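Trainee: got a predicted structure here, sequence first:
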Amino acid sequence: MRSLVWFRRDLRIADNSALHHAAKDSDSIIGLFIVTPRQWQQHDDAPAKVSFWMRNLQLLSADLEKLNVPLLIETCSTWDAVPKLVADLARKHQCQQLCFNREYEVNESRRDGATAERCQADGLVVNRYHDRIIVPPREIKTKDGRFYSVFTPYRKVWDTKALDQIKVLSKPKPLQPVKVKASPVPDSVDGFDFSDDRADLWVAGEKQAHKTLKKFADHVGGYDDWRDMPSVAGTSLLSPYLAAGVVSPRQCMAMAVKAGDGKIDASDGIRTWVSELTWRDFYTHVLVGFPRVSMHRPFKLKTEGVAWRYDKSDFKAWCQGQTGYPIVDAGMRQLNQTGWMHNRLRMVTAMFLTKNLLIDWRWGEKYFMEKLIDGDVAANNGGWQWSASTGTDAVPYFRIFSPFSQSKRFDSEGKFIRKLCPELKSVPSPALHDEKKLSVARKEHATGYPEFIVNYKDSRARALAAFKSP
Ligand SMILES: Cc1cc2nc3c(=O)[nH]c(=O)nc-3n(C[C@H](O)[C@H](O)[C@H](O)COP(=O)(O)OP(=O)(O)OC[C@H]3O[C@@H](n4cnc5c(N)ncnc54)[C@H](O)[C@@H]3O)c2cc1C
């Protein structure tokens, strides 16, 4: 039998469910990836992310070639054209089976459903596999069959199921060669500017992903102590690889379990890191159970009444890292310069936008997607709705982070702030974490660093009032 394996955000050979199972059933395989520029633009996918996909495709295509699997790369504008394109290709290359890994977002599920229907009508066997997260999103339900909307009880059930899901699949062996030529991988995609993709920071490929995972395995035990400090590499930096599927979450769990001699709670560090993988699963579970969250609606419907501000000038200052609040600006500049932001700063900057500037979380959610190399609808939406107090399990609206206490706690020497905000180089550390001292230091050192965009106390009171009676 010949199979068509359709790659999407699972750009790897190792532990890839669709490829693994297709290889078991088939004599020969043809790979497929579809470039859909307009669709990606509609989804606000970042140029850095699309460029990362292309760079990974280069290496995937070379690895597949070693297995005698040619990777075809087709282009169509949006997903409407995908079902016909896939069915036509399968017919042209005499494939009897289509295999792919499930994607759980709303448009993605519709695209896959329509493609499966079209191919089945043509007589193809269609096999879809669970692969993207650790525990399938519908497998965890409350006693009365509902989706969880609170993390802690979800995690309790998740713990009982996760260890069964981490058997890493074997790499496929070479298949019979086929007389089909692999396509060249495009070095540009319409509408996406790759000139600033920071390929130096985010090296593509499974080899690199495993190098990153291995390096992190050596200090996962200290994750708990270091994960909130943006000036040190205390987190795994695996998110771009997980988002593009260059590494699988099962491989990540397997590393954690190995580091803990078979246990997922062998140390606080391991347990906390596994918790982050659980959050990743949880937000996909929420998206499947409550699809409105990915359609620009809050999880907490009563927060639909919050009178958000739509002030373009404040928003621009936030985007550019020019708010006058050092930790906020450092975070936004890290995003703009590297396509990635430390988790603590994602929370700080998101909370500042939605509370101190009272700007609609949907503006921030979109801006993050447009910039992040690891942009993922479920995690991004979950993070934004958490910070805006509109989501499942969100931070209570009255618990507003103070940017000064946050920077004092997590960047006390100002190492990270000074790296990203060189205007503050000669400002003494205490002034970076104190409103009054910073006002004085700004003048004394003639830093050129912007004035505060809002008065912290007033903006806090404004947010509390807006949330109290939405
Ligand atoms: C406002 C906001 C937006 C976010 N947007 C995204 C996004 O678009 N894509 C994304 O992958 N993560 C997002 N996150 C979650 C988190 O910030 C990143 O996953 C993390 O910073 C990635 O760095 P790391 O790989 O070193 O993470 P580690 O700390 O090493 O964690 C390991 C992995 O767990 C997952 N993870 C960690 N924290 C979370 C979380 N809170 N929610 C869901 N998954 C998590 C990621 O896949 C991460 O790579 C967002 C968080 C917030 C507050």
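Mentor: Cool, the structure landed.
Trainee: now for Tyr241: which residues touch it?
Mentor: Gln208, Ala209, Thr212, Val247 (C-beta atoms under 8 Å, 6 or more residues apart in numbering). C-beta: built from backbone N, CA, C; applies to glycine.
Trainee: what's the spacing between the residue nearest to Gln96 when sequence neighbours are not counted and Gln94?
Mentor: Residue nearest to Gln96 in three dimensions, not counting chain neighbours: Met1, with 5.0 Å by C-beta to C-beta, 6 or more residues apart in numbering. Distance check for Met1 against Gln94: by C-beta to C-beta, to the nearest Å, it reads 10 Å.
Trainee: which residues are in contact with stretch 419-426?
Mentor: Identification of contacts with stretch 419-426 by C-beta under 8 Å, 6+ apart yields 231, 321, 326, 329-331, 333-334, 337, 414, 417-418, 432, 445, 447-449.
Trainee: out of those, which sit inside strands?
Mentor: The members of the contacts of stretch 419-426 all map outside strands under DSSP state E.
Trainee: buried among these? Need that as a selection in ChimeraX.
Mentor: This is the ChimeraX syntax for the buried subset of the contacts of stretch 419-426, where burial follows 16 or more other C-beta atoms under 10 Å:
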select :231,321,326,329,330,331,333,334,414,417,418,432,445,447,449
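Trainee: where's the residue nearest to Leu11 when sequence neighbours are not counted, which helix or strand?
Mentor: Spatially, and ignoring its direct neighbours in sequence, Leu11 is nearest to Asn56 (4.4 Å; C-beta to C-beta, 6+ apart). Asn56 belongs to helix 47-66 when assigned by DSSP states H and E.
Trainee: and stretch 49-64, how far from the chain's centre?
Mentor: 18 Å (C-alpha atoms, centre = their mean, to the nearest Å).
Trainee: name the residues of stretch 458-470 that come out as buried.
Mentor: Applying 16+ other C-beta under 10 Å to stretch 458-470 flags Ser459, Arg460, Arg462, Ala463, Ala466, Phe467 as buried.
Trainee: which among those residues gets closest to Tyr283?
Mentor: Checking the buried residues of stretch 458-470 against Tyr283 by C-beta to C-beta gives Phe467 as the nearest, at 22.4 Å.
Trainee: so that closest one touches Trp308, yeah?
Mentor: No - with contact defined as C-beta atoms under 8 Å, Phe467 does not reach Trp308; the gap is 10.9 Å.
Trainee: circling back to that earlier point, in helices, which of the contacts of stretch 419-426 fall?
Mentor: Mapping the contacts of stretch 419-426 onto helices (DSSP state H) picks out Pro326, Asp329, Ala330, Gly331, Arg333, Gln334, Gln337, Ile417, Arg418, Leu432.
Trainee: could you pick out the residues of the stretch 251-400 of the chain near the ligand for me?
Mentor: Residues of the stretch 251-400 of the chain lying close to the ligand by C-beta under 6 Å from any ligand atom are 276-277, 279-280, 283, 343, 346-347, 350, 368, 372, 374-376, 379-380, 382-384, 387.
Trainee: now the buried members of those residues.
Mentor: Neighbour-count burial (16+ other C-beta under 10 Å) applied to these gives 276-277, 279-280, 283, 346-347, 350, 368, 372, 374-376, 379-380, 382-384, 387.
Trainee: which of these fall within helices?
Mentor: With helices taken from DSSP H, the overlap with these comprises 276-277, 279-280, 283, 346-347, 350, 368, 379-380, 382-384, 387.
Trainee: state the distance from the closest residue to the ligand within the stretch 351-470 of the chain to Lys300.
Mentor: Here the stretch 351-470 of the chain gets closest to the ligand at one residue, Gly383, 2.3 Å apart by C-beta to the nearest ligand atom. Separation of Gly383 from Lys300 (C-beta to C-beta) stands at 15 Å.
Trainee: could you pull out the helices for the stretch 101-250 of the chain?
Mentor: With DSSP state H, counting those that start in this stretch as the criterion, the stretch 101-250 of the chain has helices at 106-121, 151-162, 206-217, 223-226, 239-243, 249-259.
Trainee: can you list contacts of the shortest one?
Mentor: Just to be clear, that refers to helix 223-226. His219, Val232, Gly234, Thr235, Ser267, Asp268, Gly269, Ile270, Arg271, Thr272, Trp273.
Trainee: spatially, which two of the residues you listed are the most separated?
Mentor: Using C-beta to C-beta, these span at most 20.1 Å, a distance reached by Val232 and Arg271.
Trainee: between those two, who's got more neighbours?
Mentor: A direct count of neighbours by other C-beta atoms under 10 Å for Val232 and Arg271 places Arg271 higher, at 17 against 14.
Trainee: find the nearest non-adjacent residue to Lys263, please.
Mentor: Val257 (7.1 Å).
Trainee: again with Gln334
Mentor: Met341 (5.2 Å).
Trainee: with Phe290 instead?
Mentor: Distances taken as C-beta to C-beta, 6+ apart put Phe299 closest to Phe290, at 6.0 Å, once the chain neighbours are dropped.
Trainee: isn't that neighbour right up against Pro291?
Mentor: No - Phe299 is beyond contact range of Pro291, at 10.9 Å (criterion: C-beta under 8 Å).
Trainee: the two: which has the busier surroundings?
Mentor: Neighbour count, other C-beta under 10 Å: between Phe299 and Pro291, Phe299 has more, with 20 against 14.
Trainee: who's in contact with that one?
Mentor: Ser149, Val286, Phe290, Arg292, Val293, Gln385, Thr390, Gly391, Thr392, Ala394.
Trainee: mind giving me the PyMOL command for buried ones among the residues you listed?
Mentor: In PyMOL, this line selects whichever of the contacts of Phe299 come out buried by 16+ other C-beta under 10 Å:
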select buried, resi 149+286+290+293+385+390+391+392+394
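Trainee: what's the biggest strand by length in the chain packed up against?
Mentor: Looking across the chain with DSSP E, the single longest strand is strand 28-35. Packing partners of strand 28-35 (3 or more C-beta pairs under 8 Å, 6 or more residues apart in numbering; DSSP states H and E): strand 2-6, helix 17-25, helix 47-66, strand 71-75, helix 82-92.
Trainee: hmm, try it at 7 Å
Mentor: On a contact count with 3 or more C-beta pairs under 7 Å, 6 or more residues apart in numbering; DSSP states H and E, strand 28-35 meets strand 2-6, strand 71-75, helix 82-92.
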